[in-house]
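Engineer: Show me how the following folds:
(chains A and B)
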Amino acid sequence: MRVERKGKMLARILYNLLQAAVVVGFAPLVEGVAARLKEIVQSKRGPSIFQPYRDLRKLLHKDEIVSEYSSWIFRAAPYVAFAAPIFVALLIPVLTRYPLFFAFMGDMLGGGFVLALGGFFTTLAAVDTANPYGPMGASRTRMVGFLAEPVFIVVFLTVSFVAGSTIPYIVQTRWVSPPSNFFEPSHVLLMIAFFMLILAEDGRLPVDSPAGTFELAMIDRSKSLEFSGRGAALMKWAGAMKFFVLVTIFLNVLVTPWGLAQGMGAGEVLLAIPLVLFKMLLFVLVLVVIESSLAKLRLFRITEFLGAAFVISVVAMITRLSAI
Amino acid sequence: MGGAIFALDALAGALFLLAALGVVATRQVLASLQLFIVQSLLLAASALLLGGADRSPHLLAVAAITVLTKALLIPWLLRRMVPSEVYRMREVERVLNIPSALLASAVLIVVAYAVADPLAAAAPAPFIRINLPLGIAAMFLGGLTIAVRREAVPQLLGLLGIENGVFFAAVAITPNLPLIAELAAAADVPVIALVVGMLTRAIHARLGTTAVGELSVLREE
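Structural biologist: Numbering: from 1, shown residues only, chains lettered A, B, ... in the order given. Predicted coordinates:
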């Protein structure tokens, strides 16, 4: 009896680490697939879906150049930014429906704080170098950030209120049992608001152009211009992982908690990996269509975009509160 | 079965309100017209669902009339009457900028729920709990559209939005609305659209603009 429980405990720890490994391992792949799909939609051929891995390998083998005017923050930022999504991956349901070993270490707000820590260090590092574009991008990111913050809070508040808990594992089961809950108006509105939030947080069109090369127009990408070698690789990887984690929260907690492992069997958990990746492929497809059909918003129109997201999330909250 | 219809009606209601928000916030005149069509179709969907749940032929008639007049006739009239260059424009000047207008609409929606709550609590039918607050909120948002926008066509869409809101609440409150009332409303509304359309056409021909918000000062020439 004791031995069996110990075995279960060990499995939970292992699965949890596997979860983080999936995030680390497959995040560049998702980015590569997104880039390839985007080229295909625009009737071009596009690079191989494994191109991000090659980029990472190339960057890791290169020398790193650090400005002598920068402080320790610039050196530490890539590691903090790289570690933050991994910690969040321990807290959220990536592969399994039941809570794993670290699930109760932090709730959704905790995860949000850990992600924000990575963003905070990236911003500081951008200001740290004397590069003129870094601080500009950093201040713009903060602008988008503080406009996105109230939406985040309202979405999480509503979700937690509905489920009676802030632990993502408990939240996700609420939307599928019974299935008609899925079409609850507050749920649909929350999905729309959170989707707009992902677009803004990850620097996607229409808020920011991820493929842009014009520094003056950059919001998110100009913060990592100064990094080279290993630092650049870690920053790139961290960006991909942050996107992976946000999409995982969106898909597994808010939208479709289907396809996750129900039992403790290793086969079931491993089977969940392709299922989750398939869901992500569908999400990326929608994202690519949006990115290819919309133009970038002017900087001061971003307030309108996120204002709309905020109002939608508030409406979701009100419809929920009054329904009871 | 009842639960599914309830959920679908709630979904239609949420999207109905979202379309009303869109009419407040979009810049392009054409986009607001399209959002109005979507809103009308969602109103028809709600009437259809309620008609199916209550087995009321009147509500099915409401749905049919809504689709005919608001989703087909009025847009066709407006497209015909108003010069097409109005639809290609963006409305640059507004009374309130878009984020403030959106925040104002959030406040109005909260007020609508606060107003409707005691009324809905007293009502026996379950659908009133969904349709009444959303209908009142859509009415408020229509009023806000009229107050905030300066172009003639979006202002008219605000007026029609109020009408949509009234109907959205009404289909849940009175499942057996006399058909004559619906027919009267169905005849009235296109006439309003027709009159405003003609007026807009005349204003545009004379002044070269349809920003009726600027017509607040009388001047003799």
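Engineer: Kindly confirm whether my reading is correct that A:Arg75 touches A:Ser67.
Structural biologist: No: the pair A:Arg75 and A:Ser67 does not pass the contact test of CB atoms under 8 Å, sitting 10.5 Å apart. All C-beta atoms are positioned from the backbone trio N, CA, C, and that covers glycine.
Engineer: list the buried ones in stretch B:169-184?
Structural biologist: Buried residues in stretch B:169-184, counting neighbours by 16 or more other CB atoms under 10 Å in any protein chain shown, are found at B:169-172, B:175, B:177, B:182.
Engineer: Could you do stretch A:296-309 as well?
Structural biologist: Neighbour-count burial for stretch A:296-309 [16+ other CB under 10 Å]: A:296-297, A:301-309.
Engineer: JSON lines please, covering the buried residues of stretch B:169-184 and showing pLDDT and distance to chain A.
Structural biologist: Converted to JSON lines, those look like this (pLDDT from 0 to 100; distance: CB to the nearest CB, whole Å):
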{"residue": "B:Ala169", "pLDDT": "87", "distance to chain A": "14"}
{"residue": "B:Ala170", "pLDDT": "85", "distance to chain A": "19"}
{"residue": "B:Val171", "pLDDT": "84", "distance to chain A": "17"}
{"residue": "B:Ala172", "pLDDT": "82", "distance to chain A": "15"}
{"residue": "B:Pro175", "pLDDT": "73", "distance to chain A": "21"}
{"residue": "B:Leu177", "pLDDT": "71", "distance to chain A": "25"}
{"residue": "B:Glu182", "pLDDT": "76", "distance to chain A": "26"}
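Engineer: With respect to A:Val188, which of those is nearest?
Structural biologist: B:Ala172 (19.7 Å; CB to CB).
Engineer: Which of the helices or strands spans the closest one?
Structural biologist: Assigned by DSSP states H and E, B:Ala172 falls within helix B:152-173.
Engineer: And A:Thr166, by the same measure?
Structural biologist: Counting by DSSP H and E, there is no helix or strand that carries A:Thr166.
Engineer: quick one, phi psi at it?
Structural biologist: phi -110, psi 0 (degrees, to the nearest 10).
Engineer: Spatially nearest residue to it, not counting backbone neighbours?
Structural biologist: A:Asp107 (3.7 Å; CB to CB, 6 or more residues apart in numbering or on different chains).
Engineer: Next up, the contacts around that neighbour.
Structural biologist: Residues near A:Asp107 by CB atoms under 8 Å, 6 or more residues apart in numbering or on different chains: A:91, A:160, A:165-168.
Engineer: Quick check: nearest residue in space to B:Ala147, chain neighbours excluded?
Structural biologist: B:Val95 (6.7 Å).
Engineer: Is chain B within reach of the helix or strand bottoming out on mean pLDDT in chain A?
Structural biologist: Within chain A, no helix or strand scores below helix A:168-174, which has a mean of 75 by mean pLDDT, DSSP states H and E. No: under the criterion of CB under 8 Å from any CB of the partner chain, chain B is not reached by helix A:168-174; the shortest gap measures 14.5 Å.
Engineer: how distant is that helix from the center of its chain?
Structural biologist: Chain-centre distance of helix A:168-174: 18 Å, with CA atoms, centre = their mean, to the nearest Å.
Engineer: Moving along the chain from that helix, name the first helix or strand you hit.
Structural biologist: Downstream of helix A:168-174, the next assigned helix or strand under DSSP H and E is helix A:185-201.
Engineer: Quick one: mean pLDDT over the helix or strand following that following helix.
Structural biologist: Counting by DSSP H and E, the next helix or strand C-terminal to helix A:185-201 is helix A:229-248. For helix A:229-248, mean pLDDT is 90.
Engineer: other SSEs contacting the helix or strand just after helix A:229-248?
Structural biologist: Tracing the chain C-terminally past helix A:229-248 and defining elements by DSSP H and E, one meets helix A:266-293 next. Judged by 3 or more CB pairs under 8 Å, 6 or more residues apart in numbering or on different chains; DSSP states H and E, the packing partners of helix A:266-293 are helix A:2-41, helix A:229-248.
Engineer: is the following helix or strand past helix A:266-293 up against chain B anywhere?
Structural biologist: Sequence order places helix A:302-323 as the next helix or strand after helix A:266-293, per DSSP H and E. Yes: applying CB under 8 Å from any CB, one finds helix A:302-323 touching chain B at A:303-304, A:307-308, A:310-312, A:314-316, A:318-319, A:322-323.
Engineer: Please report phi then psi for the residue nearest to A:Thr166.
Structural biologist: Per degrees, to the nearest 10, the backbone of A:Asp107 is at phi -100, psi -160.
Engineer: mind giving me CSV with the buried residues of stretch B:169-184 and columns for distance to A:Phe121?
Structural biologist: Formatted as CSV, those follow (distance: CB to CB, whole Å):
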residue, distance to A:Phe121
B:Ala169, 52
B:Ala170, 56
B:Val171, 55
B:Ala172, 53
B:Pro175, 60
B:Leu177, 62
B:Glu182, 62
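Engineer: Contact partners for residue 130?
Structural biologist: I'll assume chain A. A:Ala130 touches A:67, A:69, counting by CB under 8 Å, 6+ apart.
Engineer: sorry, should have said chain B
Structural biologist: Contacts of B:Ile130 by CB under 8 Å, 6+ apart are B:6, B:9-10, B:13, B:172.
Engineer: any idea which of these is the one closest to chain A?
Structural biologist: Closest approach to chain A among the contacts of B:Ile130 (CB to the nearest CB): B:Ala10, at 4.6 Å.
Engineer: In PyMOL, how would I pick out whichever of the residues of helix A:302-323 next to chain B are buried, leaving the exposed ones unselected?
Structural biologist: Of these, the buried ones go into a single PyMOL selection, burial set by 16+ other CB under 10 Å:
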select buried, chain A and resi 303+304+307+308+310+311+312+314+315+316+318+319+322
